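Peer 1: just coords:
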């Protein structure tokens, strides 16, 4: 942990002069925008972490690059495009909604609809069977009905 | 009724096919969009203080190797391979260049000394060059042709076989200086 802190400190110290240098001529960059770009990018050395969330040195360098490019006047979309050009769509945490990727976006809904349809059909079939199921013919002979009548009378 | 009995197992087939495909591809093999494109320019200085640029190697077959001293064992395995092949190919218009990323200078110098590396090595302290090349781990090696285009990206330790195959192919191409 202390090594990590030392590492981060080293990065900050190393990055500081360049940030200072670029800060003089470039437009001010809001950390919110840096974060906004960072959360959409995959931290390349982590598992399922965004560049904004990762404490790794690589992610910290990427945040510095995002900041520098925004300061140089690029829009958040242009910065994102830069990373996609270098790393491919893999760098995006959410795959774009087109082409083969649509499968990821649509399949859950298709599965839910299919499940609902299957459940509806099964329920209909079960209820229909219950309604039309032949009720077993009960034959009550005279002696039995007489006995039922007697027992009922005794109860009341 | 007969159809329904088959439908559920049938529905599992595409799901299984998708899983079979997904588990067969290595998550490490991410195709680089940079292969076939011009290598991004860079300007670094070597550990000895000499300038190191992409332009400076135009017309030669360039082997650009991203490494780090903490990258054990892959970088330790490939360092002797790179040095051996650099010595073997340097007179034939091949340049090997090392870019040390996310590292400390002393550690990098020790690594270079330990392996007796004689090809130029520079540190990419801000990570701009590695991001320009879409590097997501070390070691990664880019083989750049004489026209300055990235032709092969190799992820993981370079072996003699990988090095020779890529370099021989690029050397055999037209456009010799």
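Peer 2: Arrived safely. Note that this is a predicted model, so its numbers are computed, not measured.

Peer 1: Local confidence estimate at the nearest residue to residue B:11 once chain neighbours are set aside?
Peer 2: Among residues not flanking residue B:11 along the chain, residue A:114 sits closest, at 7.6 Å (Cβ to Cβ, 6 or more residues apart in numbering or on different chains). C-beta coordinates here come from the backbone N, C-alpha and C atoms, glycine included. Predicted confidence (pLDDT) for residue A:114: 91.

Peer 1: what's the spacing between residue A:114 and residue B:3?
Peer 2: 15 Å (Cβ to Cβ, to the nearest Å).

Peer 1: Those two: which has the busier surroundings?
Peer 2: It is residue A:114, of residue A:114 and residue B:3, that has more neighbours when counted by other Cβ atoms under 10 Å in any protein chain shown, with 12 against 7.

Peer 1: ok, back up a step: my hunch is that the residue nearest to residue B:11 is in a strand, does that hold up?
Peer 2: No. Counting by DSSP: H, G, I helix; E, B strand; the rest coil, residue A:114 is not part of a strand but helix.

Peer 1: Now the residue nearest the centre of chain A. Its backbone dihedrals?
Peer 2: Computing the C-alpha centroid of chain A and ranking residues by Cα atoms, centre = their mean puts residue A:94 first, at 8.5 Å. Main-chain dihedrals, residue A:94, degrees, to the nearest 10: phi -110, psi 120.

Peer 1: so it touches residue A:42, yeah?
Peer 2: No. Counting by Cβ atoms under 8 Å, residue A:94 stays clear of residue A:42, with 9.9 Å between them.

Peer 1: any residues in contact with both of those two?
Peer 2: Residues touching both residue A:94 and residue A:42 (Cβ atoms under 8 Å, 6 or more residues apart in numbering or on different chains): none.

Peer 1: Please work out the average pLDDT along stretch B:93-112.
Peer 2: Rounded mean pLDDT across stretch B:93-112 is 96.

Peer 1: Burial check on the nearest residue to residue B:102 once chain neighbours are set aside, number of neighbours?
Peer 2: The shortest distance from residue B:102 to any non-neighbouring residue, by Cβ to Cβ, 6+ apart, is to residue A:57 (4.8 Å). Using other Cβ under 10 Å, residue A:57 is surrounded by 18 other residues.

Peer 1: what bits of the chain have low per-residue confidence?
Peer 2: Because you didn't say which chain, this covers chain A. Applying pLDDT under 70 to chain A flags the ranges A:1-26, A:131-137.

Peer 1: Wait, chain B was what I had in mind.
Peer 2: For chain B (pLDDT under 70), the answer is B:1-2, B:28, B:174-177.

Peer 1: what ranges do the strands span in it?
Peer 2: Remark: strands assigned in chain B by DSSP state E are B:43-45, B:51-53, B:61-67, B:94-101, B:121-124, B:140-144, B:150-155.

Peer 1: How about residues contacting the first one?
Peer 2: This points to strand B:43-45. Under Cβ under 8 Å, 6+ apart, the answer for strand B:43-45 is B:51, B:52, B:53, B:99, B:122, B:123, B:124, B:129.

Peer 1: try 6 Å
Peer 2: B:51, B:52, B:53, B:122 (Cβ atoms under 6 Å, 6 or more residues apart in numbering or on different chains).

Peer 1: Partner strands of it and their direction?
Peer 2: strand B:51-53 (antiparallel) (DSSP bridges).

Peer 1: same check, this time on the third one
Peer 2: In the sheet, strand B:61-67 lines up against strand B:94-101 (parallel), strand B:140-144 (antiparallel) (DSSP bridges).

Peer 1: relative orientation of it and strand B:150-155 in degrees?
Peer 2: 30 degrees (axes from the mean of the first three to the mean of the last three Cα atoms, to 10 degrees).

Peer 1: circling back: using CSV, lay out the strands paired with strand B:61-67 together with mean neighbour count and distance to residue B:13.
Peer 2: As requested, these are arranged in CSV below (neighbours: other Cβ atoms under 10 Å in any protein chain shown; distance: least, Cβ to Cβ, whole Å):
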stretch, mean neighbour count, distance to residue B:13
strand B:94-101, 24, 45
strand B:140-144, 24, 38
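
Peer 1: and those as TSV, adding distance to residue A:82?
Peer 2: Putting the strands paired with strand B:61-67 into TSV (distance: least, Cβ to Cβ, whole Å) gives the following:
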stretch	distance to residue A:82
strand B:94-101	18
strand B:140-144	18
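
Peer 1: Out of these, which gets nearest to residue B:9?
Peer 2: strand B:140-144 (43.6 Å; Cβ to Cβ).

Peer 1: And stretch B:85-101, end to end?
Peer 2: The straight-line separation of the ends of stretch B:85-101 (Cα to Cα, to the nearest Å) is 22 Å.
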